[in-house]
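my questions concern the predicted model and sequence given below.
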Amino acid sequence: MSSLLIQNGTIFDPSQNIERRADLLLRDGKVAAIGENLGPADQTIDAKGCYVTPGLIDVHVHFREPGDEEEETIASGAAAAVAGGFTTICCMPNTKPPLDNEGQIEFILRESQRVGLANVYPVGAITKGREGKELAEIGSMHERGAVAFSDDGVGVNDVSVMRKALQYSKMFDTVLMQHCEDHALGGGAMHAGVVSTTLGLGGIPAEAEQLMIARDCLLNRTIGCRYHVQHISTAWSVELIRQAKRDGQKVTAEVSPHHLLLTDECCRSYDTNFKMNPPLRTAADVTACIEGVKDGTIDILATDHAPHLAEEKELEFQYAPFGIIGLECALPLYLKALVEPGHISWMKLIEMMTIGGAKIVKLAKGTLAIGADADVTIIDPNLHWKIQPDHFAGKSRNCPFTDWRVRGRAVATVVGGKIKWQLQKTMHES
Amino acid sequence: MPHTPLRWTRKHLLTLEALSADELRFVLDTADSFKEVSTRSVKKVPALRGRVVVNCFFEDSTRTRTSFALAAQRLSADLIDFSEKGSSISKGETLIDTARNIEAMGVDIIVIRHPAAGAADLLARTVNCSVVNAGDGAHEHPTQGLLDLYTIRERFGKIEGLKVAIVGDIVNSRVARSNLWALTKMGAEVILVGPPTLLSKSFEALGARVHHNFDEVIGEVDVINMLRVQFERIKTSQFPTVREFTRLFGLNQERFARCKKNVFVMHPGPMNRGIEISSTIADGPQSGILKQVTNGLAVRMAVLYLVTHSG
């Protein structure tokens, strides 16, 4: 069939604890060898000065298809993914209609195949219509290839429904991902604190998130379903998960770039690119999230890539939708938040962006073990560039990091042994 | 009153948070000179002749809209009234589009009242004409803050050193926020009074004293600004009944008797008589309520004049 040789790079593979200068040979869509003097191959990439890692994985993105294709499609989202170095992503079910049945799950997988860029795996809804009332067909969707379940955008608010969801999902050993926000305490536009008080905006208190995490952990203590906290944002949330892990519970958590870098102070200008849910919190919360990453309380990094049209975001702050795009600038932002200040190593970062997510959604990916899927990301750790969403491959531009000068970027993305994206020289000249 | 030599540079009036004490004083002094106009038989000056002011009200308002309209007319400006209840969304047009359309007609000032906090900021970022915030959600109501400041200064001859209590539904009040910024910048002490469900601790970070017991502070203040009770807060459990609210936070005769002798009572209106304030107090000699309305006109003339003469 075909072979690809990636030469002269430094291989980082946390799944095998490999960090060394070596070549990587991919053949017929699988990893064939790591070593020296490999080849010849049909195609060769010179990765001199670059890191060669398992393809990056993001278990939390929104691709808006079906329903809001003008914001993002599976095709444009997958293009954004590979441009950011991601080879595998999991898309949330809050589409129109939602991904709450096997037909929708099949549609996502089929469309992902047709597009042929990144691997796009669907996350099915926990409840029918994401309404939080009746369980969706979790078993059937699981069978068709839904890798996880979530009502993301909202939490499963009804405690009896959530209890049943945990009990029922346990049967399939799948993971329930929760958007943790108690409905009765939510409903605001930003973090409830001094800034929201100043701005006169309705607040989403930290307790809205903490209550649901605490509740779910209590429910799940005796059930033991795999439970994953999405986009964690508050200090006490980190502490709750730390305690649950200490108790031996099957709980995991993710954190997004913006919750590691930005605070509610950013909202002072009413710029809706700083409006997301969970909202930007305080500096103390950011510190606690970083601490959670350092001590392993937070398992993985996920962007919560949430595209919106400019005209939707150009509304009054309280009317504008929540969310920002993330895929194409996530890597350097994680580096800035976590690696550059010395909080974690490159190896740990790559673990949190590859095998960590793969384990949670039980995909045999995120590794460069011989015979594994040939999903590879080549990263130039020293490339300085300016974040300019106008040059992004995705459809939407709602990004609070515009014009940030950052360091580190994926320069080539390989999926199934084929080069799906390569950085053009002109793309980072600014 | 010493005049501060100051060049007014603001094209918009969006908040009082952004204004310095000197700027606040400058607006008040400018209002002083416009107040005289209302005493003339021909109540008009040509300061804004040939200019166009648009009253853009997306929320019910009688006195603020009328006050701005009259202020514009006394400055000889052309006035357009664009009042549309509900958000721009409900009409299927965004606020920005509405504003661009109005601006395209060639206007000089948009006066905006809107239920969403930050609406005036959004507008100012979008259009090239001047924007005057006439109240944006629970954020700010700068001209109300200015007219309150003006009325207090008129009464006491100064602001510095005064103690001002603002009482009631603070968390939802743009009047409270604008007053808080203006008064503290000018050296007054602001005591916010209300139940914790309508007054969060966060206000301390904004420079206020936060108090939940009206009776404990009533004897020490020079000014009491009573806010309007919003009955819909009962449905959201922010207070249980009007009766209990009145008992705890209403300004009645019994409380009034324990105030300083020269206490000055204010209310931004419209009043719920017998609920947050007794009629005898509202209509009594220590009430500044109608003076507030009168002064509002002069203050708004000053604001409309200044934003079009910035540089």
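Nice, I can see it. Numbers count the residues shown, from 1 in each chain, chains lettered A, B, ... in the order given.

so what's the residue of the stretch 151-300 of chain B found nearest chain A closest to, chain neighbours aside?
Closest contact between the stretch 151-300 of chain B and chain A, by C-beta to the nearest C-beta, is at residue B:202 (3.8 Å). C-beta: built from backbone N, CA, C; applies to glycine. Spatially, and ignoring its direct neighbours in sequence, residue B:202 is nearest to residue A:197 (3.8 Å; C-beta to C-beta, 6 or more residues apart in numbering or on different chains).

how much space between that neighbour and residue B:177?
8 Å (C-beta to C-beta, to the nearest Å).

give me the common contacts of these two.
Listed as contacting both residue A:197 and residue B:177 by C-beta atoms under 8 Å, 6 or more residues apart in numbering or on different chains are residue B:206.

so residue B:37 makes contact with residue B:297?
No. Residue B:37 lies out of contact with residue B:297 (C-beta atoms under 8 Å); the separation is 9.1 Å.

between residue A:197 and residue B:177, tell me which one has more neighbours.
residue B:177 (29 against 22; other C-beta atoms under 10 Å in any protein chain shown).

wait, residue B:223 sits on residue B:262?
No. With contact defined as C-beta under 8 Å, residue B:223 does not count as touching residue B:262 (10.0 Å).

mind checking how far residue A:236 is from residue A:289?
11 Å.

before we move on, the earlier item: quick check: neighbours shared by residue B:37 and residue B:297?
Here residue B:37 and residue B:297 have residue B:74 as joint contacts, going by C-beta under 8 Å, 6+ apart.

ok, these two, which is more surrounded?
Taking neighbours as other C-beta under 10 Å, residue B:37 and residue B:297 compare with residue B:297 leading, 22 against 17.

wait, the more buried one touches residue B:67, no?
Yes. Residue B:297 is within contact range of residue B:67, at 5.6 Å (criterion: C-beta under 8 Å).

residue contacts, the residue nearest to the spatial centre of chain B?
With distances taken as C-alpha atoms, centre = their mean, residue B:144 lies nearest the centre of chain B, 1.5 Å away. By C-beta under 8 Å, 6+ apart, the contact list for residue B:144 reads B:64, B:135, B:174-175, B:178-179, B:268, B:296.

below-threshold pLDDT in the chain: ranges please.
Using chain A. Along chain A, segments meeting pLDDT under 70 span A:1, A:426-430.

was after chain B, sorry
Using pLDDT under 70, chain B drops low at B:1-5, B:86-91.

which residues in it form helices?
B:21-35, B:63-74, B:95-104, B:119-126, B:142-156, B:174-185, B:214-217, B:242-249, B:253-256, B:279-282, B:289-308 (DSSP state H).

could you dump the longest one to PDB, C-alpha only?
Below are the C-alpha coordinates for helix B:289-308, written out as PDB (Å, rounded to 0.1, in the frame of the first residue of the first chain):
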ATOM      1  CA  ILE B 289     -37.700  64.300  44.700                       C
ATOM      2  CA  LEU B 290     -39.100  67.000  42.500                       C
ATOM      3  CA  LYS B 291     -35.900  68.900  42.500                       C
ATOM      4  CA  GLN B 292     -34.200  65.800  41.100                       C
ATOM      5  CA  VAL B 293     -36.600  65.900  38.200                       C
ATOM      6  CA  THR B 294     -36.000  69.600  37.600                       C
ATOM      7  CA  ASN B 295     -32.300  69.200  37.800                       C
ATOM      8  CA  GLY B 296     -32.400  66.200  35.500                       C
ATOM      9  CA  LEU B 297     -33.200  68.500  32.700                       C
ATOM     10  CA  ALA B 298     -30.200  70.800  33.300                       C
ATOM     11  CA  VAL B 299     -27.900  67.800  33.700                       C
ATOM     12  CA  ARG B 300     -29.100  66.200  30.500                       C
ATOM     13  CA  MET B 301     -28.700  69.500  28.600                       C
ATOM     14  CA  ALA B 302     -25.100  69.600  29.900                       C
ATOM     15  CA  VAL B 303     -24.500  66.100  28.800                       C
ATOM     16  CA  LEU B 304     -25.900  66.500  25.300                       C
ATOM     17  CA  TYR B 305     -23.900  69.700  24.900                       C
ATOM     18  CA  LEU B 306     -20.600  68.200  26.200                       C
ATOM     19  CA  VAL B 307     -20.600  65.000  24.100                       C
ATOM     20  CA  THR B 308     -21.100  67.100  21.000                       C
END
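
now it against helix B:63-74, angle please.
50 degrees (axes from the mean of the first three to the mean of the last three C-alpha atoms, to 10 degrees).

who does helix B:289-308 touch, helix- and strand-wise?
Contacts defined by 3 or more C-beta pairs under 8 Å, 6 or more residues apart in numbering or on different chains; DSSP states H and E place helix B:289-308 against helix B:21-35, helix B:63-74, strand B:109-114, strand B:130-136, helix B:142-156, strand B:264-266.

that helix: how far from the chain's middle?
Relative to its chain's centre, helix B:289-308 lies at 10 Å (C-alpha atoms, centre = their mean, to the nearest Å).
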